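1. Dropping the sequence and predicted coords here.
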Amino acid sequence: MEIKVKKPSAVKLFLDEQNLVIQQTVKSGLRRNLVTTNIPRTTMIGMEMHKPTAATNGHLQLTYKMTKEAPEQNIEFWFMATDEPFILTLQQILEQQIDKNSAWGEDDFVANGQLIMDYLAMRDQGLLTDEEFEAKKREILRLD
(Lines give C-alpha, C1' and ligand atoms only; values in the text may rest on other atoms or scores of the structure.)
Protein backbone atom coordinates (compact mmCIF):
# COMPACT_ATOMS: atom_id res chain seq x y z
CA MET A 1 0.00 0.00 0.00
CA GLU A 2 1.31 3.44 -0.90
CA ILE A 3 -0.20 6.76 0.15
CA LYS A 4 1.00 10.21 -0.90
CA VAL A 5 -0.03 13.23 1.14
CA LYS A 6 0.84 16.49 -0.58
CA LYS A 7 -0.50 19.08 1.85
CA PRO A 8 0.05 20.55 4.38
CA SER A 9 3.49 18.90 4.02
CA ALA A 10 4.72 16.19 1.66
CA VAL A 11 4.54 12.70 3.14
CA LYS A 12 4.80 9.31 1.46
CA LEU A 13 3.71 6.17 3.28
CA PHE A 14 4.66 2.66 2.18
CA LEU A 15 3.10 -0.27 4.01
CA ASP A 16 3.96 -3.90 3.35
CA GLU A 17 3.72 -7.10 5.41
CA GLN A 18 6.77 -6.26 7.54
CA ASN A 19 7.25 -2.47 7.64
CA LEU A 20 5.72 0.97 7.50
CA VAL A 21 8.07 3.42 5.80
CA ILE A 22 7.32 7.12 6.20
CA GLN A 23 9.13 9.66 4.05
CA GLN A 24 8.60 13.26 5.12
CA THR A 25 9.89 16.49 3.63
CA VAL A 26 11.14 18.60 6.52
CA LYS A 27 12.01 22.28 6.26
CA SER A 28 15.28 23.31 7.85
CA GLY A 29 15.84 27.01 7.28
CA LEU A 30 15.70 27.50 3.53
CA ARG A 31 16.47 23.84 2.80
CA ARG A 32 14.11 20.90 2.55
CA ASN A 33 15.33 17.51 3.65
CA LEU A 34 13.78 14.12 3.02
CA VAL A 35 13.57 12.17 6.28
CA THR A 36 12.81 8.45 6.04
CA THR A 37 11.60 6.44 9.03
CA ASN A 38 11.32 2.65 8.81
CA ILE A 39 9.01 1.15 11.44
CA PRO A 40 8.70 -2.64 11.65
CA ARG A 41 5.02 -3.52 12.07
CA THR A 42 5.77 -5.69 15.10
CA THR A 43 7.15 -2.67 17.03
CA MET A 44 3.94 -0.59 16.83
CA ILE A 45 2.30 -0.09 20.23
CA GLY A 46 -0.13 2.81 19.86
CA MET A 47 -1.79 5.25 17.53
CA GLU A 48 -3.83 8.40 17.80
CA MET A 49 -5.74 10.00 14.97
CA HIS A 50 -7.70 13.22 14.71
CA LYS A 51 -9.91 13.61 11.66
CA PRO A 52 -9.75 16.81 9.65
CA THR A 53 -12.45 19.44 10.13
CA ALA A 54 -13.36 22.54 8.15
CA ALA A 55 -10.96 24.55 10.35
CA THR A 56 -8.09 22.09 10.95
CA ASN A 57 -6.09 19.43 9.16
CA GLY A 58 -6.14 15.81 10.28
CA HIS A 59 -3.33 14.38 12.38
CA LEU A 60 -2.00 10.83 12.81
CA GLN A 61 0.56 9.91 15.48
CA LEU A 62 2.11 6.46 15.72
CA THR A 63 3.98 5.18 18.79
CA TYR A 64 6.52 2.38 18.55
CA LYS A 65 9.39 0.72 20.48
CA MET A 66 12.23 -0.84 18.54
CA THR A 67 13.12 -3.14 21.49
CA LYS A 68 11.62 -3.82 24.92
CA GLU A 69 14.35 -1.76 26.57
CA ALA A 70 14.20 1.13 24.10
CA PRO A 71 12.20 4.25 24.88
CA GLU A 72 8.91 4.82 23.10
CA GLN A 73 9.19 6.85 19.91
CA ASN A 74 6.51 8.85 18.14
CA ILE A 75 6.14 9.87 14.55
CA GLU A 76 3.38 12.08 13.28
CA PHE A 77 2.10 13.75 10.17
CA TRP A 78 -0.77 15.98 9.15
CA PHE A 79 -3.21 15.47 6.29
CA MET A 80 -6.12 17.22 4.61
CA ALA A 81 -9.72 16.05 4.21
CA THR A 82 -9.00 14.91 0.64
CA ASP A 83 -6.56 12.30 2.01
CA GLU A 84 -8.85 11.10 4.81
CA PRO A 85 -10.27 7.99 3.03
CA PHE A 86 -6.75 6.67 2.41
CA ILE A 87 -5.62 7.46 5.94
CA LEU A 88 -8.71 5.74 7.40
CA THR A 89 -7.79 2.55 5.52
CA LEU A 90 -4.25 2.80 6.87
CA GLN A 91 -5.62 3.41 10.38
CA GLN A 92 -7.72 0.24 10.27
CA ILE A 93 -4.75 -1.88 9.17
CA LEU A 94 -2.46 -0.37 11.81
CA GLU A 95 -5.07 -0.78 14.57
CA GLN A 96 -5.30 -4.49 13.75
CA GLN A 97 -1.50 -4.74 13.87
CA ILE A 98 -1.30 -2.89 17.20
CA ASP A 99 -4.01 -5.14 18.70
CA LYS A 100 -2.11 -8.20 17.47
CA ASN A 101 1.17 -6.87 18.90
CA SER A 102 -0.33 -6.15 22.31
CA ALA A 103 -2.18 -9.47 22.45
CA TRP A 104 0.93 -11.61 22.77
CA GLY A 105 3.14 -10.24 25.51
CA GLU A 106 5.47 -12.70 27.23
CA ASP A 107 3.33 -12.79 30.38
CA ASP A 108 0.23 -13.49 28.29
CA PHE A 109 2.02 -16.31 26.49
CA VAL A 110 2.87 -18.04 29.78
CA ALA A 111 -0.62 -17.45 31.21
CA ASN A 112 -2.24 -18.82 28.05
CA GLY A 113 -0.02 -21.92 28.16
CA GLN A 114 -0.99 -22.52 31.79
CA LEU A 115 -4.68 -22.07 30.97
CA ILE A 116 -4.43 -24.64 28.16
CA MET A 117 -2.71 -27.07 30.53
CA ASP A 118 -5.54 -26.57 33.07
CA TYR A 119 -8.12 -27.38 30.40
CA LEU A 120 -6.05 -30.40 29.35
CA ALA A 121 -6.16 -31.67 32.94
CA MET A 122 -9.93 -31.14 33.00
CA ARG A 123 -10.22 -33.15 29.77
CA ASP A 124 -8.08 -35.94 31.23
CA GLN A 125 -10.36 -36.01 34.29
CA GLY A 126 -13.39 -36.36 32.04
CA LEU A 127 -14.79 -32.91 32.84
CA LEU A 128 -14.40 -31.76 29.22
CA THR A 129 -14.88 -33.63 25.96
CA ASP A 130 -12.18 -33.59 23.28
CA GLU A 131 -14.32 -31.20 21.22
CA GLU A 132 -14.78 -28.79 24.15
CA PHE A 133 -11.06 -28.86 24.89
CA GLU A 134 -10.16 -28.15 21.25
CA ALA A 135 -12.70 -25.29 21.15
CA LYS A 136 -11.22 -23.75 24.33
CA LYS A 137 -7.67 -24.14 23.02
CA ARG A 138 -8.56 -22.48 19.71
CA GLU A 139 -10.27 -19.65 21.59
CA ILE A 140 -7.22 -19.06 23.83
CA LEU A 141 -4.81 -19.16 20.88
CA ARG A 142 -7.16 -16.94 18.83
CA LEU A 143 -7.16 -19.36 15.93
CA ASP A 144 -10.80 -18.76 14.99
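-> Yep, that arrived. Numbers count the residues shown, from 1 in each chain.
2. so R32 sits right up against Q24, yeah?
-> No - checked against C-beta atoms under 8 Å, the pair R32 and Q24 is beyond contact range at 10.1 Å. Glycine gets a C-beta too; all of them are placed from N, C-alpha and C.
3. Would you pull up how far the helix or strand hosting Y119 lies from the middle of the chain?
-> In this structure, Y119 is located in helix 106-124 according to DSSP states H and E. Using C-alpha atoms, centre = their mean, to the nearest Å, the distance from the centre of helix 106-124 to the centre of the chain it belongs to is 27 Å.
4. quick one: the helix or strand just after it to helix 106-124, angle?
-> Moving toward the C-terminus from helix 106-124, the next helix or strand (DSSP H and E) is helix 130-140. For the pair helix 130-140 and helix 106-124, the angle between their directions (axes from the mean of the first three to the mean of the last three C-alpha atoms, to 10 degrees) equals 170 degrees.
5. Run through the neighbouring helices and strands of the helix or strand bottoming out on mean pLDDT in the chain.
-> The element with the least model confidence among the helices and strands of the chain, by mean pLDDT, DSSP states H and E, is helix 106-124, at a mean of 82. Counting by 3 or more C-beta pairs under 8 Å, 6 or more residues apart in numbering; DSSP states H and E, the packing neighbours recorded for helix 106-124 are helix 130-140.
6. Could you list every helix and strand that the helix it packs on packs against?
-> Using 3+ C-beta pairs under 8 Å, 6+ apart as the contact definition, the elements that helix 130-140 packs against are helix 106-124.
7. In contact with T53, which residues?
-> Going by C-beta atoms under 8 Å, 6 or more residues apart in numbering, T53 touches no other residue.
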